[in-house]
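A.B. asks: My questions are about this predicted structure, shown below with the sequence.
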Amino acid sequence: MITINMLSRADSVKGQGVLSAYQEQVKLVKEELADEFLCYENKNAFCDIMHYHTINPEFYAMRQLSRGRSVSVGYVHFLPETLDKSLKLPDHIRDVFYRYVIRFYKSMDYLVTVNPYFIGELEKYGIPREKVTYIPNFVSAEQFYPLPAEEKAALREKYGIPEGKFIVFCAGQLQRRKGFFDYIELARRMPDVLFLWAGSFAFGLISDGHDEIKAILENPPENFRLLGLVERERMNELYNLTDLMLLPSFEELFPMTILEAMNSHTPILLRDLDIYHDILFDFYLRADGVDGFEQEIRRLQQDAAYYQEAEARSAKGHAFYSKENVARMWRAFYHGVVSKRPAGGSRGKNPARLAGSAVRRAGEKLAPGRKK
């Protein structure tokens, strides 16, 4: 039995996609891979695989101590340039922290990213491509799923939303990078539409755009509701309550909220970013800026056939990112990396390449044609 120690401190900041991804990963290994892998969480011991989900300093120290005993795997959830658009830090602190981020990644035996776009970005920091493997996120169909029409109607009554009101929903931290200001502008332009936002200032005063956003929240448009930090157990209600999931972010990796909305078959509208093309294919609607978002929302309101097509796209995305498919990728990856132990391991085939090839074979059976 291969042992895996899942290490994370993502629960120190509520409302992060990193926490959701960690919870889903642990559940996946414990439920789908339990025949071959024994999974621990934050165990003070060295296992065959030490899987680091966050970059806390104590994990960096643990990594140094585990050399020669364990295979280290690091999850890449962000790079310095993505953090730069989320946090407002003094220059001297920012520079030290960003150097630490890359140092942490370089200390790993292998890295996993949820978006293939980041493989090239990591290479720019001197991290070899063969060290990085792409495996997508997924979410549980037991927790996120479409509700019948009568339950959706009951939810509208529960939240005090009039029948027939078109609802746009966004979930994410309150910060400039998430496109909050465009979202508010849409609410001002479209007073007949209700705009909901679930999230908070996860990083407090250092959240980028904090003061400007707080000023807006003191006097928001009448058709905008800030729901605050919503427990994940309640999120399926909101996806089913919603007519459209809109994520106007200027920069993302692979938001868990998109997968959650797909599971409920809710139409998804995103800013047209290159980073989505190789992971979301034709599963979503895309637009550039407030004018484009407004045009798409109006068409979804007025064109029933177009709306049904958008629902079908989302359902297709749910089928592609199913638990079973992603579990096959992780099984192949873990076997690939553990085949070479740091001390006296097998020589010859590169285990990262072996894992990557197995992952690609699993993905190629399902991948639709790319739609750029």
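C.D. replies: Nice, thanks for sending it over.

A.B. asks: Give me the neighbour count for the closest residue to Asn56 other than its chain neighbours.
C.D. replies: Spatial nearest neighbour of Asn56, chain neighbours left out: Arg9 (4.8 Å); criterion: C-beta to C-beta, 6 or more residues apart in numbering. For the C-beta atoms, the positions are set from N, CA and C on the backbone; glycine is no exception. Arg9 has 16 neighbouring residues, counting by other C-beta atoms under 10 Å.

A.B. asks: tell me the contacts of Arg9?
C.D. replies: 54, 56, 59 (C-beta atoms under 8 Å, 6 or more residues apart in numbering).

A.B. asks: what comes up buried for the helix or strand encompassing Arg63?
C.D. replies: Following DSSP states H and E, one finds Arg63 within helix 57-65. For helix 57-65, burial by neighbour count (16 or more other C-beta atoms under 10 Å) applies to 59, 62-63.

A.B. asks: repeat for stretch 291-299
C.D. replies: Residues of stretch 291-299 classed as buried under the neighbour-count rule (16+ other C-beta under 10 Å) are 293-294, 296-297.

A.B. asks: What of stretch 219-235?
C.D. replies: Those buried within stretch 219-235 under the rule 16+ other C-beta under 10 Å are 221, 223-225, 230, 232, 235.

A.B. asks: now do stretch 175-185
C.D. replies: In stretch 175-185, counting by 16+ other C-beta under 10 Å, buried: 175-180, 182-185.

A.B. asks: who touches it?
C.D. replies: Residues outside stretch 175-185 that contact it (C-beta under 8 Å, 6+ apart): 82, 85-86, 170, 172, 174, 195, 197, 199, 201, 203, 207-210, 212-213, 216, 220-221, 224, 246-251, 271, 289-290, 293.

A.B. asks: so of those, which ones are in strands?
C.D. replies: 170, 195, 197, 224, 246-247, 271 (DSSP state E).

A.B. asks: Just want the most central residue of the protein.
C.D. replies: Pro255 (2.8 Å; C-alpha atoms, centre = their mean).

A.B. asks: for that one, phi and psi?
C.D. replies: Recorded main-chain torsions at Pro255 are phi -60, psi 130, according to degrees, to the nearest 10.

A.B. asks: swap in Ile49?
C.D. replies: phi -120, psi 130.

A.B. asks: Report whether the expected contact of it with Lys340 is present.
C.D. replies: No. In this structure Ile49 lies outside contact range of Lys340 using C-beta atoms under 8 Å: 11.7 Å.

A.B. asks: more crowded one of these two?
C.D. replies: Remark: of Ile49 and Lys340, Ile49 carries more neighbours, 22 against 18, as counted by other C-beta under 10 Å.

A.B. asks: which residue sits closest to the more buried one, ignoring its sequence neighbours?
C.D. replies: Closest to Ile49 by C-beta to C-beta, 6+ apart is Ile4, at 4.5 Å.

A.B. asks: and that neighbour, what are its phi and psi?
C.D. replies: Residue torsions, per degrees, to the nearest 10, at Ile4 are phi -130, psi 130.

A.B. asks: What's the per-residue pLDDT of it here?
C.D. replies: pLDDT recorded at Ile4 is 97.

A.B. asks: next one: Ala332
C.D. replies: At Ala332, the pLDDT value in this model is 95.

A.B. asks: Number the residues from 42 up from this point.
C.D. replies: Sure, I'll start numbering at 42, so the last one becomes Ala373.

A.B. asks: number of nearby residues for it?
C.D. replies: 21.

A.B. asks: Please apply the same query to the one 4 residues further on.
C.D. replies: A total of 22 residues lie near Gly377 under the criterion other C-beta under 10 Å.

A.B. asks: List the buried residues in the helix or strand where it lies.
C.D. replies: Assigned by DSSP H and E, Gly377 falls within helix 364-379. Neighbour counts over helix 364-379 (16+ other C-beta under 10 Å) mark 364, 366-379 as buried.

A.B. asks: for stretch 134-141, same thing?
C.D. replies: Tyr139.

A.B. asks: cool, stretch 289-309 as well?
C.D. replies: In terms of neighbour count (16+ other C-beta under 10 Å), stretch 289-309 has its buried residues at 289-290, 292-309.

A.B. asks: now stretch 109-120
C.D. replies: 111-120.

A.B. asks: If we only consider those, which is nearest to Gln349?
C.D. replies: His118 (34.5 Å; C-beta to C-beta).

A.B. asks: who touches that closest one in this structure?
C.D. replies: Contacts of His118 by C-beta under 8 Å, 6+ apart are 58-59, 62, 94-95, 155, 294.

A.B. asks: and which of these is nearest Gln184?
C.D. replies: Ala62 (13.6 Å).

A.B. asks: Tell me how many other residues surround that closest one.
C.D. replies: Counted with other C-beta under 10 Å, Ala62 comes out at 24.

A.B. asks: likewise Glu162?
C.D. replies: Using other C-beta under 10 Å, Glu162 has 18 neighbouring residues.

A.B. asks: Spatially nearest residue to it (excluding sequence neighbours)?
C.D. replies: Spatially, and ignoring its direct neighbours in sequence, Glu162 is nearest to Leu120 (5.8 Å; C-beta to C-beta, 6+ apart).

A.B. asks: Now do the one you found against His133, distance only.
C.D. replies: From Leu120 over to His133 the distance is 20 Å, taken as C-beta to C-beta, to the nearest Å.
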